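Peer 1: Please find the sequence and the predicted model below.
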Amino acid sequence: MLILTRKTGESILIGDDIEVLITSIDQNKVRVGIKSPAHIPIYREELYRKIQQENRAAALIGKEEFDNILELFAGVPESKTPGNRDDS
């Protein structure tokens with residue numbers, strides 16, 4: 001782990017694309033601004049952990065639940081199913 005000391009207005013660069021800027025420091029809180037390309041998601045740790053937990057839980061559905069989901073989409077045209085766009 002790299003530990004750095006920064007003052008308000010100073011930043012840290014990660015690679016060529018990510019900048020972490022210290023915007024303010026107040027008692028026990030540090031406000032940070034992060035600039036990165038749009039394709040790099042940025043999450044607070046607790047939210048990221050929650051997303052991982054929910055993804056793991058979703059991956060554990062049983063065969064019966066999966067069959068029920070498939071029945072929901074039975075007969076639905078492919079262009080109308082989630083994730084497909086109808087550009088015509």
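Peer 2: Happy to help now that I have it. Residues are numbered from 1 along each chain as shown.
Peer 1: Not counting its neighbours along the chain, what's nearest residue 30?
Peer 2: residue 22 (6.4 Å; C-beta to C-beta, 6 or more residues apart in numbering). (Glycine included, C-beta is placed from N, CA and C.)
Peer 1: Check residue 12 too.
Peer 2: residue 20 (4.5 Å).
Peer 1: how close does residue 73 sit to residue 25?
Peer 2: Residue 73 is 52 Å from residue 25, where distance means C-beta to C-beta, to the nearest Å.
Peer 1: returning to that earlier point: how far does the helix or strand hosting the residue nearest to residue 12 sit from the chain's center?
Peer 2: Here residue 20 sits within strand 18-26, counting by DSSP states H and E. Taking C-alpha atoms, centre = their mean, to the nearest Å, one finds strand 18-26 lying 20 Å from the centre of the chain it belongs to.
Peer 1: Now do that strand, average pLDDT.
Peer 2: Taken as a whole, strand 18-26 carries a mean pLDDT of 96.
Peer 1: State the number of residues packed around the closest residue in space to residue 25 that isn't next to it in sequence.
Peer 2: Among residues not flanking residue 25 along the chain, residue 8 sits closest, at 5.7 Å (C-beta to C-beta, 6+ apart). Using other C-beta atoms under 10 Å, residue 8 has 12 other residues around it.
Peer 1: Tell me who's in contact with residue 8.
Peer 2: Residues near residue 8 by C-beta atoms under 8 Å, 6 or more residues apart in numbering: 22, 23, 24, 25.
Peer 1: Show me which of those are buried.
Peer 2: residue 22 (16 or more other C-beta atoms under 10 Å).
Peer 1: Show me which pair in the contacts of residue 8 is furthest apart.
Peer 2: Farthest-apart pair in the contacts of residue 8 is 23 and 25; separation 8.8 Å (C-beta to C-beta).
Peer 1: Next, show the common contact partners of those two.
Peer 2: 8, 31.
Peer 1: Let me know the helix or strand that the spatially closest residue to residue 24 that is not a sequence neighbour is in.
Peer 2: Nearest non-adjacent residue to residue 24, counting by C-beta to C-beta, 6+ apart: residue 31, 4.4 Å away. Element membership for residue 31, per DSSP H and E: strand 29-35.
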